[in-house]
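Peer 1: Sequence below, structure please.
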Amino acid sequence: MHIGKIAIIGATGNVGRSIVEMVLTRKLATASQLKLYASDRSEGQTLQLAGSEFTVETTTEASFQDAHLCIFATESPVSKTWIPTALQNGAYVIDSSSEYRLNPDVPLIIPPVNLSLVRKNQKLYAHANCLASPIATVSAPLHRKFGISHIEAVTYQSTAGAGKAAMDECREETHAILEHRPYVRTVFSRQIAFNVIPQVGEMRADGLTFEEYKIIQEIKKVVDPQLSVTATAVRVPVLIGHSIALRLEFVKPILVADVLAALQNSPSVKLSPDLYSTPVEVVGSDDVWVGRVRHDSSRPRDVHLWLCSDNLRRGAATDAVEIADAILGF
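Peer 2: A predicted model of the protein is given here:
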């Protein structure tokens, strides 16, 4: 099948650049088939990615003409503005923002869990965020095999999840503190260097942050709407890589050995070889690394797990590219 233009919108960001590199290194398309778009601030910027040079263009209505596939590595306002135009031009669309994730008419795809929902007659897909994706990647196969009644997640989220400016602020504030000089923050509301912030996203009236709300609702949509899910999201002074302390309450008492055996055979899951993994050890990996799997001695149906994943890949670039691979295979 002839594949027309593939448009990457938000191509200058951390995830956008990763998507371009992965599309090329996985040979899903050639450099000549890719067109890179961003805001007018990036017009004319040159990017060297996977051995090819690209010139970034401003996103306009003309960007979507003759596009076979559009991948949006953008935030909701940009997706909301341009995705209807892409669809009107007949393109398949993959959206990384939260704009369509909870729309009942739009499949929410976590590739290791439900890639089979990608079908030729469906044009628009959302992929889950970089917490819901690893949590569901681990919990969905266990839920199918044993039955889970409750998921409790405490997330330790890297600054990469808030964008390049947040990563830069973490570095710069760290240097300023070590050098005993003042620093004016522009991204985080509280000190991020040598600190943790128990708030990711704006606060809702119910006491959850919007990040926690998204994690809960996206897991329920993908894994099982009847699940009980709670989440606490914490920002930590890590550059790349999210960690999750996960508690799974099963329907019946369960053996840790059975959980480990099931995870051993689950797609995109790796058991940590040395008790547990840390964020710096999983950068560049597409898998979710699981360690410290153990029982709660006071609750025989509960199992605790420690998860680590590269948040620029699983739940971001990797998910988008795996969905793209399925679409390009039609």
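Peer 1: how close does the nearest residue to residue 38 once chain neighbours are set aside get to residue 163?
Peer 2: Sequence neighbours aside, residue 12 is the residue nearest to residue 38 in space, at 4.5 Å (criterion: CB to CB, 6 or more residues apart in numbering). The C-beta positions use only the backbone N, C-alpha and C, and glycine is treated the same way. Distance, residue 12 to residue 163, using CB to CB, to the nearest Å: 11 Å.
Peer 1: These two - which one has more neighbours?
Peer 2: Using other CB atoms under 10 Å as the criterion, residue 12 and residue 163 rank with residue 12 on top: 20 against 15.
Peer 1: Go ahead and confirm that one touches residue 43.
Peer 2: No - using CB atoms under 8 Å, residue 12 is not in contact with residue 43, being 10.5 Å away.
Peer 1: Buried residues in stretch 166-176, which are they?
Peer 2: Within stretch 166-176, the residues scored as buried using 16 or more other CB atoms under 10 Å are 166, 167, 169, 170, 173.
Peer 1: what pLDDT does the second one get?
Peer 2: What the model reports as pLDDT for residue 167 is 97.
Peer 1: Is it in contact with residue 239, as I believe?
Peer 2: Yes - if you go by CB under 8 Å, residue 167 and residue 239 touch, sitting 5.4 Å apart.
Peer 1: list the residues that contact both of these two?
Peer 2: Common contact partners of residue 167 and residue 239 (CB atoms under 8 Å, 6 or more residues apart in numbering): 159, 160.
Peer 1: thinking again about what came up before, mind listing the shared neighbours of residue 12 and residue 43?
Peer 2: residue 56.
Peer 1: what about residue 150, which SS state?
Peer 2: strand (DSSP: H, G, I helix; E, B strand; the rest coil).
Peer 1: Return the set of residues that bridge with the closest residue in space to it that isn't next to it in sequence.
Peer 2: Using CB to CB, 6+ apart and skipping residues adjacent in sequence, the residue nearest residue 150 is residue 249, 3.9 Å away. Assessed by DSSP bridges, residue 249 has beta-bridge partners residue 150, residue 302.
Peer 1: got the contact list for residue 249?
Peer 2: 148, 149, 150, 151, 152, 299, 301, 302.
Peer 1: most neighbours, which of those residues?
Peer 2: Neighbour tally across the contacts of residue 249 (other CB under 10 Å): the maximum, 26 neighbours, falls on residue 151.
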